[in-house]
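Colleague: Sequence and predicted structure are below.
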Amino acid sequence: MQNAMNKVKFSRFYLHVDQQLEASHPLQDPLKNKILSVQGSKPTMVAYGIGSIESDPQPRLELSLAILLARHLGIHRLEVFDPVLSSIECRVIVSLGCAVFSINEHCRRAVTGPTLFFMPHCCRWMFDNLLGANWSASQLNRITVLGNTFRASSALGLESWRRGPGTRCGWHGEWRGTRSAC
């Protein structure tokens, strides 16, 4: 994981993101402003759909990006869930300072404070569930989502539907199970 963290941290992409976040004034930066907008609340970050960091390099890079963004934005709690995570992967993720959920919420996390959702390669139903669980002005005002476009998430869901039940949704498998191995 340390190699993946360094690869992301020193990539042109992350250096550009870092420069953009540093150059903008907190009141002018919509992401920082949104996350830090609820006074007295500590922002949280939730990462859904990361995938197996043991079997594929892409999820390691995505988790690294989530961790680096959380640190940069002053988010002290990063919570991770993917039903494909093994118990070893969960221990690694916890050793990186993250919390790992073992119960599958099916992306229905109702927020109580400012929350950044990191959802790379997630299917449309995952976004639908998240928005449905927070479908009030006060809750929608507390969430920020970093993920693929809704058009791309719809395509992922449609492709999964075309292949039939039991097929993978996007990159990281379907979410029909109730628990991860954590």
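Modeller: That came through fine.

Colleague: can we go C-alpha only for contacts and neighbour counts from here?
Modeller: Noted.

Colleague: from the chain's centre, how far out does the biggest helix by length in the chain sit?
Modeller: Within the chain, and with DSSP state H defining each element, the longest helix by residue count is helix 57-73. Centroid separation for helix 57-73 versus its chain: 9 Å, with C-alpha atoms, centre = their mean, to the nearest Å.

Colleague: Buried residues of it, list them for me.
Modeller: 59, 60, 61, 62, 63, 64, 65, 66, 67, 68, 69, 70 (16 or more other C-alpha atoms under 10 Å).

Colleague: Residue 90: what secondary structure?
Modeller: helix (DSSP: H, G, I helix; E, B strand; the rest coil).

Colleague: any idea how far it lies from residue 75?
Modeller: 20 Å (C-alpha to C-alpha, to the nearest Å).

Colleague: So which of the two has more stuff around it?
Modeller: Set residue 90 next to residue 75 and count neighbours by other C-alpha atoms under 10 Å: residue 90 wins out with 24 against 19.

Colleague: didn't that one look like it was pressed against residue 100?
Modeller: Yes. If you go by C-alpha atoms under 8 Å, residue 90 and residue 100 touch, sitting 6.4 Å apart.

Colleague: Report the mean per-residue pLDDT for the longest helix of the chain.
Modeller: Averaged across helix 57-73, the pLDDT comes to 94.
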